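> predicted coordinates and the sequence they were generated for:
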Amino acid sequence: MNHSYELPVDEVSYNFAFLDEFAKREIRRSILKAISIPGYQTPYASREMPMGRGFGTGGLQLTLSLLGAGDTLKVIDQGADDSVNAVNLRQFVELTCPGTSTTERAAEANIIQSRHRIPEDRLTANQILVLQVPTPDPLAIVEPSEARRKIMHGESDYASLLTKLYEDIVQFDEIAISNRYPTRLNGHYVIDSSPIPRFDVPKMHQSAALILLGAGRERKVYAVPPFTDAVPLAFEDVAFRTEAFLDHQGTRRHCDRCDSSTSYLDEIMHPDGSHHWQCSDTGYCNDRCARRDSAGSGAVRS
């Protein structure tokens, strides 16, 4: 990515990408350290942003620090391109980053900022995925002391976290974590995978794209470098499993719009009580519908 672009002084009254150059350099240095130590929670000086907490200020700071002239950005919120969060962040980038462009197609973007989802399209080596994270430390649910958690991470001591998973099995006959599933990188650090569903966790394993996870309130950034082993915590006799989306007959449901049977689905209830299933990733769903329409044939189930 090109970071040499200089905005003419008379064009706007603030710096390119809103953050000052010192802030962006500091964040990029933290990103490099996070990439060098997969899963390590690297501190950085999180800045105040002109938006409320919960709008992904941590992820946005990473994105703004990486954007340069000629880059293309896609912003999604729970898979949707048209949610309030996604639209506001995209407009903010368009206003403060002249020379960049935005898109709703994952294949066209070299930087993707996401909340709660990893795109259905397979990411490539020339792409960066930035995930918004509310709580970066998976040990926070079992150990309140941050000092103690740092020692546990350093010693790769995750016995208490495994005990929490075991308690789920005793109580529910399965691990009941639906999102933020703890995932071990390269056999050492266990990370909070951000509020992505379990369905998306396997996409981190050996991903060709760089995955960055930023928590603005906690002032931490950590990374899943390209082609890194990312294995969800589980047991030999109780394996990790993803959402199945099965109907009453045990058949895998498909999207009622594009007919995909491999994507993560959202259930939509209509006022008449009927149920509708649709791809959570709206860009992926739209692409499939467009290909179907241009081919002039019925939907092709994946």
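Thanks, I have the structure now.
> next, the buried residues of stretch 123-137.
Residues Leu123, Gln127, Ile128, Leu129, Val130, Leu131, Gln132, Val133, Pro134, Pro136, Asp137 are the ones in stretch 123-137 that count as buried (16 or more other C-beta atoms under 10 Å). The C-beta positions use only the backbone N, C-alpha and C, and glycine is treated the same way.
> and these, which two are the farthest apart?
Gln127 and Asp137 (26.5 Å; C-beta to C-beta).
> which one is Arg90 nearest to, not counting chain neighbours?
Val75 (4.5 Å; C-beta to C-beta, 6 or more residues apart in numbering).
> you'd agree the one you found is up against Gln113?
Yes. Assessed by C-beta atoms under 8 Å, Val75 is found in contact with Gln113 at 5.0 Å.
> find residues that contact each of those two.
Counting by C-beta atoms under 8 Å, 6 or more residues apart in numbering, the contacts common to Val75 and Gln113 are Leu89.
> what ranges do the strands span in the protein?
Using DSSP state E, the strands of the chain run over 42-43, 72-77, 101-102, 111-115, 128-132, 182-185, 190-192, 210-215, 220-224, 230-232, 265-269, 275-279.
> JSON lines for those, including mean pLDDT?
Shown next, in JSON lines, are these (pLDDT from 0 to 100):
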{"stretch": "strand 42-43", "mean pLDDT": "96"}
{"stretch": "strand 72-77", "mean pLDDT": "96"}
{"stretch": "strand 101-102", "mean pLDDT": "96"}
{"stretch": "strand 111-115", "mean pLDDT": "96"}
{"stretch": "strand 128-132", "mean pLDDT": "97"}
{"stretch": "strand 182-185", "mean pLDDT": "97"}
{"stretch": "strand 190-192", "mean pLDDT": "97"}
{"stretch": "strand 210-215", "mean pLDDT": "97"}
{"stretch": "strand 220-224", "mean pLDDT": "97"}
{"stretch": "strand 230-232", "mean pLDDT": "97"}
{"stretch": "strand 265-269", "mean pLDDT": "92"}
{"stretch": "strand 275-279", "mean pLDDT": "93"}
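> got these as TSV, with distance to Ala290 columns?
Converted to TSV, these look like this (distance: least, C-beta to C-beta, whole Å):
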stretch	distance to Ala290
strand 42-43	40
strand 72-77	16
strand 101-102	18
strand 111-115	19
strand 128-132	23
strand 182-185	33
strand 190-192	35
strand 210-215	27
strand 220-224	31
strand 230-232	32
strand 265-269	19
strand 275-279	13
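> and the most centrally placed residue in the chain, how far from Ser261?
Residue closest to the average C-alpha location in the chain (C-alpha atoms, centre = their mean): Leu131, at 3.3 Å. Plainly put, Leu131 is 26 Å away from Ser261 if you go by C-beta to C-beta, to the nearest Å.
> tell me where this structure has helices.
21-36, 57-66, 84-96, 146-154, 159-172, 282-295 (DSSP state H).
> can you tell me which of the ones you listed comes nearest to Asp192?
The nearest among these, by C-beta to C-beta, is helix 159-172 at 10.7 Å.
> remind me which residues of this protein are low pLDDT?
Scanning the chain for pLDDT under 70 picks out 1-14, 297-302.
> any idea how it splits into domains?
Domain assignment for the chain by automatic domain parsing gives 21-139+175-232, 244-302.
> for the first one, measure first residue to last.
The first residue of domain 21-139+175-232 is 37 Å away from its last residue (C-alpha to C-alpha, to the nearest Å).
> quick one: that domain to chain centroid distance?
5 Å (C-alpha atoms, centre = their mean, to the nearest Å).
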